[in-house]
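K.L.:
have a look at this prediction, sequence included:
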Amino acid sequence: MRNYCNNPASSAVERSCAPVPRVAVVGLASCFGCQLQITNREQYLLDVIGQIDLQYWQLASSDPMPDAFDIVIIEGAVTTQESLETVKALREKASTVIAIGACANTAGIPGIAAFEYEPRASQVYDNLPTACGHLIVPQSVPSVIDVDFQVPCCPIDFQSFVEVLSQALYGSNRTNPSRTLCGDCKRNETSCFYGQGEICMGMVTAAGCGARCTALGRPCNGCAGLSKDACLESAREAVVRYGCDVAEFDRRLQLFNQTDEALLMQGADGEGA
Amino acid sequence: MGKGHSIMTRTAISVDHIARIEGHGNVHVQIEEGRVKDVQMNIVEPARLFESMVKGRSYKEVSYIASRICGICSASHVVTDLKAIEAVFGVEVSKRTKMIRELLIYGSYLQNHAAHLFVFAAPDFIGQPSVFPLAESDPDLFRRALELKGFGNELCTAVGGRSIHPITAVVGGFTHEVTPAEYERLADRMEALVPFAKSVVDLFAGFPICDISSEGDMLALVEPGAYPVQSSSTMRFADTDEEFNADCFADHIEEYTVGHSAAYFAQRRSTGRPYMTSALARVNVSWDNLGKEAKVASAKAGLRPPEHNPLLNNVAQAVELVDSLERCAGICRELAKGAGSSKPVAFTPQAGRGVGVTEAPRGLVFHELELDECGDVVHASIVTPTSQNLANMECDIRLLAETLAATGIDEDTLRLEIEKLIRAYDPCLSCSVH
């Protein structure tokens, strides 16, 4: 993955000649929730929009897609041949690509379908409508093109989005945290779900979300994707130690990580348990 | 009038990638000799195959997954799933849990209706491509519209833990609740927002619309003495009093596929005709039980049942803004008293079939689930408001185009009027292709 984060000189503002970067927002297979998370912060929305030249945002405006822009924000997973070509074309046009949300970054919930994909369409449709496009196995955006910045989670947190957008606009040497969520619960003094015999994905999931779910009484579902620091083997050992079901842990892992190489590489262990 | 050419003998009107709706869709209308030959709502949203994705998944995960069908309607998908699962397990939730679920759904009404009316629909009537120019031309209206929408987010966040994809709602109850003082504060805010919501009804009632009458019937939940959004599982077709329970919904409504849409279409079985489900359907069916202020605002705006102009769905949504605020203020005051508990009740998973139904912001949503003895999903069927509305929308576009073609309208104006009609339905294409 290309990563401009460490080089302030490569921010979109400096890379392009235009004084205000031209931005396009594009939605692929998703619930549109990440775009809504942006519009849902009404009080800051105009401040953000004031710093960019918003060229294309189909959700909010009927202005057509322009030929050229500097930054493209992509939401959603790649699930059709057509969207695969779209993201490749977007990569060619834009100097900076930001992938927002779990669908774009890990294939997310649509990625669940990646496992034994073939029969799924016929389970839902007797006759597959031609309007569906050419359906392909769901893939994340970074698995198809180079992505410069990522905003994780399902849905994204607005604050994380603003941080990443300002990195793209003005440059920054910050990177997304790689630690696992578990430490955040300790810091928040949230009691552990494993103590109640409940499976939680916090042991292997990337931190950075603020541990909102666990603070509100729900175990982590892993929407931020696997942490680079995660050790699946020792996590499974811990699951056993707490008397929980490893097969269930593996099934829960698939929720947001079905197409993650770390899971795919382990073959039968991590799949279809 | 527009700058385009007037409609000659043969015209094909197409809007690719209809803007300011949720999801991806195109519309194609063919007109010959003033008659509409063909109308197609071409829904190209990629199929994510949710019904196959929840198969084999635990009941604990189903609402979490199904919520991702749609960002805006996420609260409705969650509550609908919980109702279906609780029907299978025989779980009876507390009155307090039902009240909080009501708040969650109404929170999404405030979010959805305010976003739809101002961000999606209003630009058509003020002649702008988006709502953003309103920030300069009418900053006060812009600020207050965003404040109302923002309050919907605030309510969903207070109840569900975040503005979309609620965290706290689980089978049997809620994992977290805000304090009584917070409920009181929310109620104060709601009461303070009612006057603006009433002015939104007046604003949308004042926008000129084409006078058409949909031939399709209207379907909405019913409950004696209530304006039900989740408390009932019985629904009625407004014009003919065909009433039925969610358990046998497939005996009354039928889904079918068409080649030009990735979304299913639907029709009423008894007539083989399309129908509409929406805020307008709810106002038609439960008019008597609207809140006092909402009913007055609606009557003043000229919206009274029976009303079959789908373009008035905008006004009906504005009426529901008033109704939601009035109703939720009362619920919050009641919850602040602290009676009862919303802690998840104990239950044992068991096998069976259950159908959940709620009134999502855009209309009725059904989740039918078959679970095995561990509570894992064996079969799922999801019917969303927009897939129920698409066939009726095509009929109404035909009606609108023929009505306007007869007046010698030019092509650009007709195209805009068709878009206005589609947007009035507030279609959610990401829901429709799930």
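P.N.:
On my side now, so go ahead. These numbers come from a predicted model, not from an experiment.

K.L.:
quick one: contacts for the residue in the stretch 151-300 of chain B that chain A sits nearest to?
P.N.:
Closest residue of the stretch 151-300 of chain B to chain A, C-beta to the nearest C-beta: B:T175 (3.0 Å). Using the backbone N, CA and C atoms, a C-beta is placed for each residue, glycine as well. By C-beta atoms under 8 Å, 6 or more residues apart in numbering or on different chains, the contact list for B:T175 reads A:L216, A:G217, A:R218, B:I167, B:T168, B:P344.

K.L.:
same question, B:H17
P.N.:
Counting by C-beta under 8 Å, 6+ apart, B:H17 makes contact with A:Q58, B:H24, B:G25, B:N26.

K.L.:
closest to B:N313 out of these?
P.N.:
Proximity of the contacts of B:H17 to B:N313 (C-beta to C-beta) peaks at B:G25, which lies at 17.3 Å.

K.L.:
tell me the contacts of the closest one?
P.N.:
By C-beta under 8 Å, 6+ apart, the residues touching B:G25 are B:H17, B:I18, B:M41, B:N42, B:I43, B:V44, B:E45, B:P427, B:L429.

K.L.:
show me what it is bridged to.
P.N.:
For B:G25, the beta-bridge partners under DSSP bridges are B:I43.

K.L.:
what about it, distance to B:L390?
P.N.:
Distance from B:G25 to B:L390, counting by C-beta to C-beta, to the nearest Å: 9 Å.

K.L.:
got the buried residues for stretch A:90-107?
P.N.:
Residues A:90-91, A:94-107 are the ones in stretch A:90-107 that count as buried (16 or more other C-beta atoms under 10 Å in any protein chain shown).

K.L.:
no wait, stretch A:147-166
P.N.:
Quick answer for stretch A:147-166 (16+ other C-beta under 10 Å): A:147-158, A:160-165.

K.L.:
for the most centrally placed residue in chain B, give me its contacts.
P.N.:
What sits nearest the mean C-alpha location of chain B, by C-alpha atoms, centre = their mean, is B:R362, with 1.1 Å. Going by C-beta under 8 Å, 6+ apart, B:R362 touches B:73, B:112, B:277-279, B:385-386, B:389, B:425-428, B:431.

K.L.:
with adjacent residues omitted, what lies nearest to it?
P.N.:
Spatial nearest neighbour of B:R362, excluding adjacent residues (C-beta to C-beta, 6 or more residues apart in numbering or on different chains): B:P385 at 4.0 Å.

K.L.:
what about that neighbour, how many neighbours?
P.N.:
Residues within reach of B:P385, counting by other C-beta atoms under 10 Å in any protein chain shown, total 29.

K.L.:
how near is it to chain A?
P.N.:
15 Å (C-beta to the nearest C-beta, to the nearest Å).

K.L.:
so B:A360 is in contact with B:V78, correct?
P.N.:
No: between B:A360 and B:V78 there is no contact under C-beta atoms under 8 Å: 10.7 Å.

K.L.:
ok, the residue in the stretch 301-434 of chain B that chain A sits nearest to to B:G375 distance?
P.N.:
Here the stretch 301-434 of chain B gets closest to chain A at one residue, B:S430, 5.3 Å apart by C-beta to the nearest C-beta. Per C-beta to C-beta, B:S430 is found 27 Å from B:G375.

K.L.:
more neighbours: which of these two?
P.N.:
B:S430 (30 against 22).

K.L.:
what about the helix or strand containing B:L104, near chain A?
P.N.:
Using DSSP states H and E, the element containing B:L104 is helix B:95-114. Yes: using C-beta under 8 Å from any C-beta of the partner chain, a contact is recorded between helix B:95-114 and chain A, made by B:Q111.

K.L.:
helices or strands up against that helix?
P.N.:
Applying 3 or more C-beta pairs under 8 Å, 6 or more residues apart in numbering or on different chains; DSSP states H and E, we find helix B:95-114 packed against helix B:74-89, helix B:139-160, strand B:169-170, strand B:173-174, helix B:313-336, strand B:352-360.

K.L.:
who in the stretch 201-350 of chain B is up against chain A?
P.N.:
So far as C-beta under 8 Å from any C-beta goes, the stretch 201-350 of chain B lies against chain A at B:T257, B:V258, B:G259, B:H260, B:S261, B:A262.

K.L.:
need the pLDDT of the fourth one.
P.N.:
This means B:H260. B:H260 is assigned 94 on the pLDDT scale.

K.L.:
against B:I43, how distant is it?
P.N.:
8 Å.

K.L.:
of the two, who's got more company?
P.N.:
B:I43 (28 against 18).

K.L.:
helix/strand/coil for residue 47?
P.N.:
By default, I'm working from chain A. helix (DSSP: H, G, I helix; E, B strand; the rest coil).

K.L.:
hmm, I had chain B in mind actually
P.N.:
Applying three-state DSSP: B:A47 is coil.

K.L.:
quick check: bridge partners of B:E370?
P.N.:
Applying DSSP bridges to B:E370 gives these bridge partners: B:R353, B:H379.

K.L.:
now the helices for chain A?
P.N.:
In chain A, the helices defined using DSSP state H lie at A:12-15, A:33-39, A:42-49, A:81-93, A:101-106, A:120-124, A:158-170, A:182-188, A:212-215, A:232-241, A:246-257, A:261-264.
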